[in-house]
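Chemist: fold the following and give me the result.
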Amino acid sequence: FQAIYEYQSLVSQLTGMEVSNAGMYDVSTAAAEASLMACRITARDRVAVLSTVNPRYRQVVYTYITGRNILLEKMEPDSVSLSSDYACLIVQQPNFFGYFEDMSACAQKAHDIGALLIVIVDPISLGMFKPPGDYAADIVVAESQRFRLLF
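Modeler: Reported below is the predicted structural model:
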């Protein structure tokens, strides 16, 4: 139990979030679960995802949510347009192409309509770059496999 506590404490520090959970999901499944959680919290049935999110992650999210009659819409980062029926905006930082999105703008667009910002992160990048908590992310997902050590 102590190891899990220490791990979750580390993740909270790295992400800048108040709480963390050491789940057993890969990052794409965690993103799908996060989008379902956002739909339950907001009582809305549309999910927006940036086109710069890994296509495999987008496909898993699509597979999870369409069975529940939730619509997934892919948007370009420079033309995000959300209406009040969106539950969340899913972004990846750094994105699939290795670039950094303007997360403050993404957070503003999501929060202006009462949607949640879900951020998929590379946990190793959090040692050098601004943590998601600093740009008002609501839910952060990552894959801890990146922390593995080879002996």
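
Chemist: any idea of the mean pLDDT for the lengthiest helix in the chain?
Modeler: Longest among the helix segments of the chain by residue count, using DSSP state H, is helix 27-42. For helix 27-42, the mean per-residue pLDDT is 97.

Chemist: do stretch 99-110 as well
Modeler: When pLDDT is averaged along stretch 99-110, the result is 95.

Chemist: how about the CA coordinates for it, as PDB?
Modeler: Output of stretch 99-110 as PDB, limited to C-alpha atoms (Å, rounded to 0.1, in the frame of the first residue of the first chain):
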ATOM      1  CA  TYR A  99       4.200  19.800 -30.800                       C
ATOM      2  CA  PHE A 100       2.700  21.600 -27.900                       C
ATOM      3  CA  GLU A 101      -0.800  22.900 -28.100                       C
ATOM      4  CA  ASP A 102      -2.000  26.200 -26.500                       C
ATOM      5  CA  MET A 103      -3.500  24.600 -23.500                       C
ATOM      6  CA  SER A 104      -4.700  27.800 -21.900                       C
ATOM      7  CA  ALA A 105      -6.800  28.500 -25.000                       C
ATOM      8  CA  CYS A 106      -8.100  24.900 -25.000                       C
ATOM      9  CA  ALA A 107      -9.100  25.200 -21.400                       C
ATOM     10  CA  GLN A 108     -10.800  28.500 -21.900                       C
ATOM     11  CA  LYS A 109     -12.800  27.200 -24.900                       C
ATOM     12  CA  ALA A 110     -14.000  24.100 -22.900                       C
END
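
Chemist: got the angle between the top strand by length along the chain and helix 27-42?
Modeler: If you go by DSSP state E, the chain has its longest strand at strand 86-93. Counting by axes from the mean of the first three to the mean of the last three Cα atoms, to 10 degrees, strand 86-93 points 150 degrees away from the direction of helix 27-42.

Chemist: right, I'll leave it there.
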